[in-house]
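1. Attaching a predicted model along with its sequence, questions to come.
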Amino acid sequence: MAAPAMQQQSRRRYLPAPSAAFCDKKARILQQLDLPDAEYSDASPKGSVDAGIRHLIDEINRADGFVTTSSCAGRVSVFLEGRRAHASEAEDEDERRQQRAGVGGKGAGGTWLYVSHDPVPGDAGEGRCSWVDALGFSETGLDQSYCHGESGQRLIHFKFEPMILHVLTASSAHAQALLRSGLQAGFRESGAVNVTPAGDAPLATPMVAIRSMGLGLESLIGYETGDGRRGWFVPARHLETLRAVANERFAENARRIERFRAAFLDAVSEPRPPRGCDGAEWEDAAARRERMRAEGLRKKAALAAVSGGEDTAESFDLAVDISALDMA
């Protein structure tokens with residue numbers, strides 16, 4: 001039963017050769033990633049690959065059949081929602097879409113007030129978080145004058161978001177290997193799209209997202225009035241609590257990233273020779289008989305050379321053959 005099991009393991013590790021079309025697309029993406037930092041930019045607030053997962057990105061991109069298309073190592077951010085103009089304030093439908101933020105506040109002038117891809121430092125020793133000044137809140141702190149839905153007022157969100165990684169893969173087998181690695185590492189909300197060929201394409205090239213939304217954290221902490229003043233919903237000690245919780249999640253995020261990295265490298269590595277309980281390389285009965293016969297012939301030749309007698313060599317040969325049959 002052991003040999004079929006090992007053959008099944010080899011099939012699980014088998015990844016087909018990427019198509020020429022995929023290799024061309026990967027080359028174009030890598031050419032963009034290889035640009036100097038001064039020339040490279042992307043759609044993220046930071047505008048470049050996060051240093052915290054640059055090594056992971058490089059290892060994924062070195063593997064045949066995989067290329068990263070976007071990534072975030074994980075971040076803490078404070079986001080000011082876009083404007084929520086009333087429909088009557090716009091002259092036509094296009095203008096209304098441009099002036100009104102979507103669900104979650106994206107678009108229409110939404111702004112990042114603070115972004116960090118590393119744990120956030122603690123307070124400055126005066127009961128106030130050292131990073132709060134970047135938010136531009138009023139010195140009066142807690143403000144109860146907010147009225148939801150009032151024209152011109154915009155909400156401010158505190159967020160922790162764990163790593164998210166998008167990887168283009170050369171086949172469904174590549175996608176499955178990547179997804180298994182993500183799920184094993186704790187990125188439970190990972191998934192794939194384009195898992196079947198599109199149109200006349202002979203092969204599918206699935207896009208895989210590695211993510212774990214359950215590790216995320218979001219809280220409303222304030223608002224901005226129509227004239228640009230910002231008030232708090234929460235006291236400074238609550239902001240400090242959010243910061244401390246986010247830093248704990250940064251640490252867990254880092255552990256999951258490392259587990260994912262190890263699982264991925266194992267998934268794309270060459271199959272390792274199976275080993276027995278004693279740690280020795282496993283071999284089936286036929287291979288074992290052939291190895292023992294070869295060893296016996298070498299020893300027989302050595303004994304014959306030392307003794308110069310035929311009887312000793314023949315006796316040894318018979319003993320080797322019997323031993324091989326016993327082990328089969």
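-> Thanks, I have the structure now.
2. A173 touches D64, doesn't it?
-> No - under the criterion of Cβ atoms under 8 Å, A173 makes no contact with D64, lying 11.8 Å away. C-beta here means a position set from N, CA and C on the backbone, and glycine is covered the same way.
3. Now the common contact residues for the two.
-> With contacts taken as Cβ atoms under 8 Å, 6 or more residues apart in numbering, A173 and D64 have L15 as neighbours in common.
4. which residues of the protein score low on pLDDT?
-> The chain contains residues with pLDDT under 70 at 1-13, 35-48, 84-109, 123-130, 139-151, 201, 271-284, 307-328.
5. if you set the cut-off to 80 instead, what comes out?
-> 1-14, 34-49, 83-109, 122-134, 136-152, 198-202, 236, 270-291, 302-328 (pLDDT under 80).
6. And the strands in it, which stretches?
-> Secondary structure of the chain by DSSP state E: the strands cover 66-72, 75-80, 111-116, 154-161, 164-169, 191-193, 207-211, 217-224, 230-232.
7. Tabulate those strands (JSON lines), appending mean neighbour count and distance to K26.
-> Listed next are those as JSON lines, based on neighbours: other Cβ atoms under 10 Å; distance: least, Cβ to Cβ, whole Å:
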{"stretch": "strand 66-72", "mean neighbour count": "20", "distance to K26": "4"}
{"stretch": "strand 75-80", "mean neighbour count": "22", "distance to K26": "27"}
{"stretch": "strand 111-116", "mean neighbour count": "16", "distance to K26": "29"}
{"stretch": "strand 154-161", "mean neighbour count": "21", "distance to K26": "27"}
{"stretch": "strand 164-169", "mean neighbour count": "22", "distance to K26": "7"}
{"stretch": "strand 191-193", "mean neighbour count": "14", "distance to K26": "17"}
{"stretch": "strand 207-211", "mean neighbour count": "21", "distance to K26": "13"}
{"stretch": "strand 217-224", "mean neighbour count": "18", "distance to K26": "35"}
{"stretch": "strand 230-232", "mean neighbour count": "19", "distance to K26": "45"}
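8. so how far is R54 from S172?
-> As judged by Cβ to Cβ, to the nearest Å, S172 and R54 stand 28 Å apart.
9. I appreciate the help and will end here.
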